[in-house]
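>>> Sequence and predicted structure are below.
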Amino acid sequence: MRLAFTIDGLAPGGEGVGRAGGRTLFVAGTAPGDRVEVEVPAGEGPAHAGLLRVLVPGTSRVEPPCGHFGTCGGCEWLHVAYPEQLRAKERAFWERLRKLGGLDLERVEARPILASPQPLRYRTRAKLHHDRQSGRLAFFRRRSHLPVPLAECHLLEEPLDGLREALGPAIAAARLEPREVALEWSTEEGRGSALLRLPALSAETRRRAEALLRALPSLSGLVLEAEGGPLATAGQPVLRHRRDPGDPAAGRCRSRPDVFQQANRRANALLVRVALSLLAPEGEEVLELFCGAGNFTGPLAARARSLSAVEVQGPALELARADAAEAPRPGLRFFAGDALKLGHALAREGRRFGGVLLDPPREGARGIGPLLRELQVPRAVYVSCDPATLARDLEACTAAGYRVAAVQPVDMFPQTHHVEGVALLVRA
């Protein structure tokens, strides 16, 4: 059935949303204010409708700069003006915390969202797929595994986009067949590195990887990964970045394409600044859980009296330790292991901290509330990439005797619906 109706807003999943014929309809590729004609599936209740055409564009609609938009799944909102994206993210973020976590926004310092310094060309990292048919790197189409071989990507910093363009044909020429490719670029060093996820590793694979590096001078190193096997490296895959691209005094940090780092380095500098401002670690003994490759570790160690940083043993912790060795801090100590288990072990030893900072993976930190209570920590800052798990964990912290004092959303991923959050917890 065909219907015409007006899009009222943007849904948390990235689609435009409105009501027609008594049903809530979600339509990809639409912007608030658009008058659209859609194909609606049979049935009742909310549904995903197929966009047939935009009858009258809304005032928030802009011309997408990328020719792949509409087929490629890498962007959702390239057709939506950036201020409208920020409003939609802010609404969705607070709604998640209120509905899923029971957060009373009247009793919290609910800060306005921080915009990314660059809404386009902001990514220094990207995860793509190698399309063997075209010999190019590709994103998938929205909700499918059909590749879209890329000729351009306006999310990537221009040098990274150039590396993407060159790497696909070079991989094909080297007769490598990765299932996934993770790219990274360092503006500081003017070079990139890549992770290739391969079906298997062999001596011949390594020889082909070395040939790939020789053929592509802008690629300094590779991490080679096969399912269920150890990692191998070729060349020099470790890159160095400025912690804050706008502030050389903030120092440098190491990264590798197989280790998590924030892709938007300019927005990440804002994220770090907000987290440290809320925690106020000056003169305190601080515990950092899920320290990863040290995104917060160096800045924290520079301001706290002492810092105990916890991360599982692996490449991320090795990078963090290497950064710390280059700029030694007498009060910094690393602990290798499960973050929450080691936190409980420190509590049983009688260790007490003036503050805790945690930046867990997307699945969150289930059990963080009881741990904070056991540590008797007066304040904690929780950095999250998923509002749903943040809401769940904040509710658990409230049950453990903590109050959510302030929350700051940060836009790390313009042109998508994703949003980060930073929350300050204080002991009630």
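Good, I have the coordinates.
>>> And for stretch 288-297, what's in contact with it?
With contacts defined as C-beta atoms under 8 Å, 6 or more residues apart in numbering, stretch 288-297 is touched by 253-256, 259-262, 268, 272, 275-276, 300, 307-311, 316-317, 319-320, 323-324, 332, 334, 339-340, 343, 356-361, 365, 383. From N, CA and C alone the C-beta is placed, and that goes for glycine too.
>>> 7 Å instead, please
Stretch 288-297 has contacts (C-beta atoms under 7 Å, 6 or more residues apart in numbering) with 253-255, 259-262, 268, 272, 275, 300, 307, 309-311, 316, 319-320, 323-324, 339, 343, 356-360.
>>> what does stretch 190-206 give?
By C-beta under 7 Å, 6+ apart, the list of residues contacting stretch 190-206 reads 160, 163, 167, 176-185, 218-226, 229, 232, 234, 237, 239, 256-258.
>>> Buried among those residues? Make that a PyMOL selection.
Those of the contacts of stretch 190-206 that count as buried under 16 or more other C-beta atoms under 10 Å are selected in PyMOL with:
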select buried, resi 160+163+167+176+178+181+182+183+184+185+219+220+221+222+223+224+225+226+232+234+237+239+256+257+258
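>>> Just say helix, strand or coil for residue 128.
Under DSSP: H, G, I helix; E, B strand; the rest coil, the three-state class of residue 128 is strand.
>>> Walk me through the domains of this protein.
Each domain of the chain is listed here as a residue range: 2-61, 87-117+264-427, 125-241, per automatic domain parsing.
>>> okay, how far is it across the shortest one, tip to tip?
Distance between the two ends of domain 2-61: 22 Å, counting by C-alpha to C-alpha, to the nearest Å.
>>> From the contacts of stretch 190-206, which land in strands?
Among those, the members found in strands (DSSP state E) are 180-185, 219-226, 232, 234, 239.
>>> can you list contacts of the host helix or strand of residue 425?
Element membership of residue 425, judged by DSSP states H and E, is strand 420-427. With contact meaning C-beta under 7 Å, 6+ apart, strand 420-427 is reached by 93, 271, 274-275, 278, 378-385, 387, 390, 394, 397, 401-410, 412.
>>> Just those residues: which are in strands?
Filtering the contacts of strand 420-427 for strands - DSSP E - leaves 379-384, 402-410.
>>> those strands in the stretch 1-150 of the chain, which residues are they?
2-6, 9-10, 16-20, 23-27, 35-39, 47-48, 50-56, 109-110, 125-131, 136-140, 147-149 (DSSP state E, counting those that start in this stretch).
>>> strands paired with the second one, and their directions?
Within its sheet, and counting by DSSP bridges, strand 9-10 is paired with strand 16-20 (antiparallel).
>>> how many degrees apart are the strand it pairs with and strand 23-27 in direction?
With axes from the mean of the first three to the mean of the last three C-alpha atoms, to 10 degrees as the basis, strand 16-20 and strand 23-27 are set at 150 degrees to each other.
>>> Return the distance of strand 16-20 from the chain's centre.
Taking C-alpha atoms, centre = their mean, to the nearest Å, the mean C-alpha location of strand 16-20 is offset from the chain mean by 28 Å.
>>> Just the buried positions in that strand, please.
16-18, 20.
>>> now these as a markdown table including pLDDT and distance to residue 8?
A markdown table is the format used below for these (pLDDT from 0 to 100; distance: C-beta to C-beta, whole Å):
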| residue | pLDDT | distance to residue 8 |
| --- | --- | --- |
| 16 | 95 | 8 |
| 17 | 96 | 6 |
| 18 | 96 | 5 |
| 20 | 89 | 10 |
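>>> Run through the helices of the stretch 301-428 of the chain in chain order.
All helices of the stretch 301-428 of the chain, identified by DSSP state H, counting those that start in this stretch, fall at 315-326, 339-348, 368-375, 387-399.
>>> picking that back up, wait, which of the domains of the chain is closest to residue 73?
Taking C-beta to C-beta, domain 125-241 is the member of the domains of the chain nearest to residue 73, at 4.0 Å.
>>> First-to-last residue distance for that closest one?
Domain 125-241: ends 12 Å apart by C-alpha to C-alpha.
>>> Please apply the same query to stretch 253-268.
13 Å.
>>> roughly how far is that stretch from the heart of the chain?
Centroid separation between stretch 253-268 and its chain, computed with C-alpha atoms, centre = their mean, is 9 Å.
>>> pLDDT score assigned to the residue most central in space within the chain?
The centroid of the chain falls nearest to residue 262 when counting by C-alpha atoms, centre = their mean (5.6 Å). pLDDT recorded at residue 262 is 96.
>>> surely it meets residue 270?
No - in this structure residue 262 lies outside contact range of residue 270 using C-beta atoms under 7 Å: 10.5 Å.
>>> now the ones in strands among the contacts of strand 420-427: which count as buried?
Buried, going by 16+ other C-beta under 10 Å: 379-384, 402, 404, 406-410, out of these.
>>> out of those, who's nearest residue 49?
residue 409 (28.8 Å).
>>> Could you give the separation between the terminal residues of stretch 29-40?
15 Å.
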